[in-house]
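Colleague: Need coordinates for the following:
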Amino acid sequence: MDTREAAQRWADVWERGWREHDADAITALYADGAFWQQHPFREPEPGYLARVFEEEESAECEFGRPIVDGDQAAVPWSAQTRLVDGGTEDLAGVSVLRFDASGLVLEHRDFWVMG
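Modeller: Model prediction:
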């Protein structure tokens, strides 16, 4: 699969999947054993997606057009989440991705800030 196509598919599925809390659709984007670092100053957290979806009541998000080079892509995104405890979060970030030949993510590194 072409990297540009894979990156756009990743962005589209993440945008829909985050809004709908569809962890299965998002998980299907990743190769077995893929590396995913959710924040540059934290160790990867297995089960991160399930934990975050349990903490969120809803999410509105938007993913930008991927910037692609070889088997890698950078995808900007922003989100506003409402938490089950009544709080909210405004997030903006970029996901740096590396894909295998079939279009699955091998490496995913997130860089984001909370406003």
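
Colleague: which non-adjacent residue is nearest residue 31?
Modeller: residue 104 (4.1 Å; Cβ to Cβ, 6 or more residues apart in numbering). In short, each C-beta sits where N, CA and C put it, glycine included.

Colleague: List the residues that contact the one you found.
Modeller: The contact partners of residue 104, by Cβ atoms under 8 Å, 6 or more residues apart in numbering, come to 6, 29-31, 34.

Colleague: With residue 34 instead?
Modeller: Contacts for residue 34 (Cβ under 8 Å, 6+ apart) come out as 104-108.

Colleague: Any chance of these in JSON lines with distance to residue 68 as columns?
Modeller: JSON lines is the format used below for those (distance: Cβ to Cβ, whole Å):
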{"residue": "104", "distance to residue 68": "16"}
{"residue": "105", "distance to residue 68": "13"}
{"residue": "106", "distance to residue 68": "15"}
{"residue": "107", "distance to residue 68": "15"}
{"residue": "108", "distance to residue 68": "15"}
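
Colleague: Separate out the buried members of those residues.
Modeller: The neighbour-count test (16 or more other Cβ atoms under 10 Å) marks 104-108 as buried among the contacts of residue 34.

Colleague: which of those residues lies closest to residue 38?
Modeller: Closest approach between the buried ones among the contacts of residue 34 and residue 38, by Cβ to Cβ: residue 108, at 8.5 Å.

Colleague: Just want the phi and psi numbers for the residue nearest the centre of the chain.
Modeller: In the chain, the centroid-proximal residue (Cα atoms, centre = their mean) is residue 14; its distance is 5.8 Å. Residue 14 adopts backbone torsions of phi -60, psi -40, taken as degrees, to the nearest 10.

Colleague: Could you point out the helix or strand that follows the helix or strand bottoming out on mean pLDDT in the chain?
Modeller: Here the helix or strand of the chain ranked lowest by mean pLDDT, DSSP states H and E is helix 48-55, holding a mean of 93. Per DSSP states H and E, the first helix or strand lying C-terminal to helix 48-55 is strand 56-63.

Colleague: Convert that next one to PDB, retaining C-alpha atoms only.
Modeller: The C-alpha trace of strand 56-63 is given here as PDB (Å, rounded to 0.1, in the frame of the first residue of the first chain):
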ATOM      1  CA  GLU A  56     -13.800  10.400  28.000                       C
ATOM      2  CA  GLU A  57     -17.500  11.000  27.600                       C
ATOM      3  CA  SER A  58     -17.100  12.400  24.100                       C
ATOM      4  CA  ALA A  59     -14.500  13.800  21.700                       C
ATOM      5  CA  GLU A  60     -14.600  16.200  18.800                       C
ATOM      6  CA  CYS A  61     -11.400  15.900  16.700                       C
ATOM      7  CA  GLU A  62     -10.000  16.900  13.400                       C
ATOM      8  CA  PHE A  63      -7.000  15.300  11.600                       C
END
